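Participant: A predicted structure for the sequence below; I have some questions about it.
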Amino acid sequence: MPIEMATRKAGDIMIPLDEYPHVDYRVTLRQAIEVIENGDIEIKGKKSLPRAILVFDENKNLLGIARRRDILRGLEPDFLKTMALSYRKKLFDIETDPNLVELSSGRLAKAIQVLAERPISEVMSPVVATLRNDDHLAKIIFIMLNRDQALLPVIKDRKVVGVVRSVDVFNEIARIVL
């Protein structure tokens, strides 16, 4: 194992902030979806869509992280939330209703379109951990596993300068192991 790989730091493997999708806390869920959909990330020739976006205030202070699943939960209409779970499951069971008649009326689409105008700040999660630019790979792994986080903001001089994703850490480990 080359020593330089084992001593890599957050700043070495992070995606710089200007290359990672981030938004103002006032953007709508619709706008956040658009940012994610257009947020191709290319690292070492591999492209992927972000699984989360960073949310900042007007002073560029990090407020939170909005994962795709947070946005999807924010789009779930109230009329679905109030139904019994067994009935909700039946709505989406193709064997029960191959035409999904309950949803084909457009009620779901209309409700989602209304909810898509909510601000991202209503569905984002707080930042539970960050990395320093000079944190070692072992510390990054420890924090990701200990805090159950797949995306960690990287801080340098009290400012967010990038993010480290679990896939980036996995790729570093693969280089060491393989």
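Facilitator: Great, that's in hand.

Participant: What distance do you get for R51 to I141?
Facilitator: According to CB to CB, to the nearest Å, R51 and I141 sit 18 Å apart. Where C-beta positions appear, they are placed from N, C-alpha and C, glycine not excepted.

Participant: Flag the shaky bits of this structure, pLDDT-wise.
Facilitator: Counting by pLDDT under 70, the chain shows low-confidence ranges at 1-6, 79-85, 87-105.

Participant: give me every residue that touches the residue nearest the centre of it.
Facilitator: In the chain, the C-alpha closest to the average C-alpha coordinate belongs to A52, at a distance of 1.5 Å (CA atoms, centre = their mean). By CB atoms under 8 Å, 6 or more residues apart in numbering, A52 lies in contact with 65-68, 70, 150-151.

Participant: Among those residues, name the buried ones.
Facilitator: The neighbour-count test (16 or more other CB atoms under 10 Å) marks 65-67, 70, 151 as buried among the contacts of A52.

Participant: May I ask which two of the residues you listed are separated the most?
Facilitator: D70 and L151 (12.1 Å; CB to CB).

Participant: roughly how far apart are the residue nearest to the centre of the chain and L151?
Facilitator: Separation of A52 from L151 (CB to CB): 5 Å.

Participant: Between these two, which contacts overlap?
Facilitator: Shared contacts of A52 and L151, defined by CB under 8 Å, 6+ apart, comprise I65.

Participant: what about the helices in the protein?
Facilitator: Secondary structure of the chain, counting by DSSP state H: helices at 3-6, 10-13, 29-37, 68-74, 78-81, 85-91, 101-104, 107-115, 137-147, 166-177.

Participant: Would you mind saying which of those helices lies nearest R158?
Facilitator: Going by CB to CB, the one of those nearest R158 is helix 10-13, 14.8 Å.
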